[in-house]
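1. Show me the folded form of this:
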Amino acid sequence: MTDGEPSPDIDRDAELDVSLRHLLDRAVIIEERVRRAVAARQATDPHPDDEFRGLYLNDETVLRLLNEGRSIAAPDDTEADRLSAAESRANETSRLHAVAREFGLSALDVEVLLISLLPDLDDRFESFYGYLNDDVTRRRPSSGLALGLCGLPGADSGARARLHPLSPLRAGGLLLIEEPERPFLARALRVPDRVTAHLLGDDTPDPRITDLLVPRPDVPGVGDPAPLARALNNGVRLAYLREDQGGAGTSLGASALLRSGRTPLGVDLDRLSEDPNPSEAVRVLTREARLTGSGMVCGPLDALTPEKVGVIRQLTNAHVPVILVGRAPWDASWSKHPPLLLQAPRVEPTARAELWKASYGAGVPPNLDLTRTLSPFLLTPDQIAGAARATSQTAALNGGSLKPDDVRAGARAQNAAGLDRLARHIEPAVGWDDLVLPPDPLAQLRELTARARHRDRVLGEWGMRPGGGRGRGVTALFAGDSGTGKTMSAEVIAADLGLDLYTVDLSTVIDKYVGETEKNLERIFTEAAGINGVLLFDEADAIFGKRSEVKDAHDRYANVESAYLLQRMETFDGLAILATNLRANLDDAFTRRLDLVVDFPLPEAAERLVLWQRCLAPLLPHSEDVDLAFCAESFELAGGNIRSIAITAAYLKAESNSPLTMRDLIHAIQREYQKLGRLTLASEFGPYVALLN
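-> Presented below is the predicted three-dimensional model:
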């Protein structure tokens, strides 16, 4: 701080002083308003010294309120004249007329609604109703009072039926009858605040459902909404759009509603399933849609099945167009009204890039190929918008620069977390340069990433896999001895595509009870359909084994398990990799369904030398006598074994705190041989046999 500059403490105190003064100034204004209101009440109160004032209303006070001059009618007008004048000033597009038409209200219903509404429009009517109820504490109209003001006796059964729970007023949520413990004619009537606000021109949604509503934008270029819009215009009130991973059902439904002249009201069924009272929430949602002339687009439907079928039935009985979106097959028991069944399209890679740009807002670097970067990710329009927002935050953290890895990270952030409970989540940390493989397996791995990246174009746009209900998944088999790089290759593929890797834990799958293994696998495939990742089944021969001749019940159930897996793998939409040490044990039917079979051979001497050099990292100090060329030539080991030896040697040197020597390396090799159960032959160790313990 230089001379003459105020200290930070002085500046902070000055800011606090200004804020406090502003708050006190505003408080003085409110105080003056209160003073004026008290003075006005004292000036107009005919009995200011009455010790019972506020506990009753006398005739003089009620007449004074009635004669305050607030009426807009001429003194000599009859009720019919006033009604005619009111209707002439209104038209069929008025909100009251629209509500009466939408909810099927009779003339009596409208009168009761207005009588119940007046205390919320003019506070004098609280006093009037308290006076007419002969109870100053009951400041809303009772059922009997409302019917009496309409000129009907309280015993009129037809009039009482207009206040029945299934009447248009109450079933539509326009009128509440409170104090149910009182006799029918003494129960208070109240109009919900949301209905009052709507009639006054306010379309802010009811706070009860704010957390359940999500925007459903009209997304151009994703499917054709015209057929569904025509069906809605022709009276269809229920449709079910079934979609696969990355489907655009909600956007297609919103577009169709807009074309049919209705505003889409998006409902998140995941949040609705967690609501403590979903039935009440659906009633409020339905009322909101009817008040605003909207249709509901609700998804995902899977969140409500099978425990909350009653909520699905309630949605299908709404008096507005309802478009449900989900992945589960439609069950006819969910609704007495058969829905229009349609298949929702996917968001194809080109459309994903355009949606992402629109949601991101800022400019995209010209060298960033969004179509290629997003092609491995199966995302809905909502998920694409969320991915773009997540990426913008990451870019802001990096000073505004946008990188492909940021785009991929934003897309991965849209993954569901359910699969983490069933499989081990691995964030890829290796790349192509870390793989040491012969040219042919390496080329096959690159072909596998190309399949995963372009599957939507080849199988979707070009239609190269028609019929049969087959998915757009990519499945590969990695076969080879332990330690030859199968798991690492899966990690490299996931990293290249920008996806996460999930390794299936067999302990969560295999079950001794009949049918349980299939159920566990189905849970894994179901959860995997909600994420963008690579699914790795290690030791796959334990699950995908050959079917055998049926000799007993065990063989029959084992064959049923394998047959189920054959069918399920064919309909899987993701990227699945099966890794096995025993390729011969796999069922032949799996081979036909595989896109690629990659054999991982044991490394040759030249490849082993590269592995030794990479595993003994430059950060690990070692002496000049370490002969890696001899190790590569003499010891036929897989890459996993070489890495294990290097780690063992590193621990030895960490303990001794000295550079790595050939003696340490020979000792680590000896330990690996003992672990593998291999004999320590002097011919293999050559000139270094003397270093053996």
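2. Bridged to Val322, which residues?
-> Val322 has these beta-bridge partners by DSSP bridges: Leu238, Met296.
3. count of neighbours near it?
-> Counted by other CB atoms under 10 Å, the residues lying close to Val322 total 26. No exception for glycine: its C-beta is placed from N, CA and C like everyone else's.
4. Just want the most central residue of this structure.
-> The chain has Asp270 as the residue nearest its centroid, 7.0 Å off, counting by CA atoms, centre = their mean.
5. Just give the closest residue to that residue, not the sequence neighbours.
-> Of all residues beyond its chain neighbours, the one nearest Asp270 is Ala303 (4.6 Å), with distances taken as CB to CB, 6 or more residues apart in numbering.
6. tell me the contacts of that neighbour?
-> For Ala303, the contact set (CB atoms under 8 Å, 6 or more residues apart in numbering) comprises Leu269, Asp270, Leu272, Ser273.
7. what separates the second one from Gln670, distance-wise?
-> Asp270 is 57 Å from Gln670, where distance means CB to CB, to the nearest Å.
8. try the third one
-> For Leu272, the distance to Gln670 under the criterion CB to CB works out to 64 Å.
9. Settle it for me: which of these two has more neighbours?
-> Taking other CB under 10 Å, Leu272 and Gln670 do not tie; Leu272 has more neighbours (21 against 17).
10. and the more buried one, what is it in contact with?
-> If a contact means CB under 8 Å, 6+ apart, then Leu272 has Leu212, Pro278, Ala281, Val282, Cys298, Ala303, Leu304, Val311 as its contacts.
11. again, 10 Å this time
-> Taking CB atoms under 10 Å, 6 or more residues apart in numbering, we find Leu272 in contact with 209, 211-212, 278, 281-282, 285, 298, 303-304, 308, 311, 315.
12. Kindly indicate which of those residues lies nearest Ile426.
-> Using CB to CB, Ala303 is the member of the contacts of Leu272 that sits closest to Ile426, with 28.0 Å.
13. How about the secondary structure of that closest one?
-> At Ala303 the chain is in helix, as set by DSSP: H, G, I helix; E, B strand; the rest coil.
14. ok, then the element right after the helix or strand bottoming out on mean pLDDT in the chain?
-> Least confident element among the helices and strands of the chain, by mean pLDDT, DSSP states H and E: helix 79-89 (a mean of 50). Past helix 79-89, further along toward the C-terminus, the next helix or strand under DSSP states H and E is helix 95-103.
15. angle of the helix or strand following that next one against helix 95-103?
-> Once the chain leaves helix 95-103, the next helix or strand it forms, by DSSP H and E, is helix 107-117. Here helix 107-117 runs at an angle of 130 degrees relative to helix 95-103 (axes from the mean of the first three to the mean of the last three CA atoms, to 10 degrees).
16. Mean confidence (pLDDT) on helix 107-117, please.
-> Averaging pLDDT along helix 107-117 yields 91.
17. again, but for stretch 683-693
-> For stretch 683-693, the mean per-residue pLDDT is 84.
18. quick one: that stretch to chain centroid distance?
-> 61 Å (CA atoms, centre = their mean, to the nearest Å).
19. Give me the buried positions along that stretch.
-> Residues of stretch 683-693 classed as buried by neighbour count (16 or more other CB atoms under 10 Å): Phe685, Tyr688, Leu691.
20. do the same with stretch 575-587
-> For stretch 575-587, the neighbour count (16+ other CB under 10 Å) marks Leu575, Ala576, Ile577, Leu578, Ala579, Thr580, Asn581, Arg583, Leu586, Asp587 as buried.
21. Keep only those of the residues you listed that are in strands.
-> Using DSSP state E, Leu575, Ala576, Ile577, Leu578, Ala579, Thr580 are the members of the buried residues of stretch 575-587 that sit in strands.
22. May I see those arranged in JSON lines, with distance to Leu149 and pLDDT as well?
-> Below are those laid out as JSON lines (distance: CB to CB, whole Å; pLDDT from 0 to 100):
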{"residue": "Leu575", "distance to Leu149": "70", "pLDDT": "90"}
{"residue": "Ala576", "distance to Leu149": "71", "pLDDT": "89"}
{"residue": "Ile577", "distance to Leu149": "76", "pLDDT": "91"}
{"residue": "Leu578", "distance to Leu149": "77", "pLDDT": "87"}
{"residue": "Ala579", "distance to Leu149": "80", "pLDDT": "88"}
{"residue": "Thr580", "distance to Leu149": "83", "pLDDT": "84"}
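23. Need the max-distance pair from the residues you listed.
-> Longest span within these, CB to CB: Leu575 and Thr580, 17.3 Å.
24. Spell out, range by range, the helices that occur in the stretch 351-500 of the chain.
-> 370-374, 381-397, 404-412, 439-455, 486-497 (DSSP state H, counting those that start in this stretch).
25. Just want the angle from the second one to helix 404-412.
-> For the pair helix 381-397 and helix 404-412, the angle between their directions (the same axes, to 10 degrees) equals 140 degrees.
26. Can you list the helices and strands that helix 381-397 packs against?
-> helix 249-259, helix 349-360, helix 370-374, helix 404-412 (3 or more CB pairs under 10 Å, 6 or more residues apart in numbering; DSSP states H and E).
27. Can I get stretch 279-298 in PDB, CA atoms only?
-> Taking only C-alpha atoms (Å, rounded to 0.1, in the frame of the first residue of the first chain), the coordinates of stretch 279-298 have been written out as PDB:
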ATOM      1  CA  SER A 279     -50.300 -38.200  -6.800                       C
ATOM      2  CA  GLU A 280     -50.900 -34.700  -5.500                       C
ATOM      3  CA  ALA A 281     -48.000 -33.500  -7.700                       C
ATOM      4  CA  VAL A 282     -49.700 -35.000 -10.800                       C
ATOM      5  CA  ARG A 283     -53.000 -33.200 -10.000                       C
ATOM      6  CA  VAL A 284     -51.100 -29.900  -9.700                       C
ATOM      7  CA  LEU A 285     -49.200 -30.600 -13.000                       C
ATOM      8  CA  THR A 286     -52.500 -31.400 -14.800                       C
ATOM      9  CA  ARG A 287     -54.100 -28.200 -13.500                       C
ATOM     10  CA  GLU A 288     -51.100 -26.200 -14.600                       C
ATOM     11  CA  ALA A 289     -51.300 -27.700 -18.100                       C
ATOM     12  CA  ARG A 290     -55.000 -27.000 -18.400                       C
ATOM     13  CA  LEU A 291     -54.700 -23.500 -17.100                       C
ATOM     14  CA  THR A 292     -52.000 -22.600 -19.600                       C
ATOM     15  CA  GLY A 293     -53.300 -24.700 -22.500                       C
ATOM     16  CA  SER A 294     -50.200 -26.900 -22.500                       C
ATOM     17  CA  GLY A 295     -49.500 -30.500 -23.200                       C
ATOM     18  CA  MET A 296     -47.200 -32.600 -20.900                       C
ATOM     19  CA  VAL A 297     -44.000 -34.300 -22.100                       C
ATOM     20  CA  CYS A 298     -43.000 -36.700 -19.400                       C
END
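28. Dihedrals phi and psi, the nearest residue to Arg208 once chain neighbours are set aside?
-> Using CB to CB, 6+ apart and skipping the chain neighbours, the partner closest in space to Arg208 is Val284 (4.9 Å). With angles defined as degrees, to the nearest 10, Val284 sits at phi -70, psi -40.
29. what's the answer for the one 4 residues further on, then?
-> Here the main-chain torsion angles of Glu288 (degrees, to the nearest 10) amount to phi -60, psi -40.
30. quick one, what contacts it?
-> 173, 194, 198, 203, 205-206, 208-209, 212-213, 265, 267, 294, 296, 320.
31. same check, this time on Leu149
-> Contact partners of Leu149, counting by CB under 10 Å, 6+ apart, are Glu111, Val112, Leu114, Ile115, Tyr129, Leu132, Pro141.
32. ok, so what distance separates the last one from Leu199?
-> Pro141 sits 17 Å away from Leu199 when distances are taken as CB to CB.
33. Which one of those two is surrounded by more residues?
-> Counted by other CB under 10 Å, Pro141 and Leu199 do not tie: Pro141 has more neighbours, with 25 against 21.
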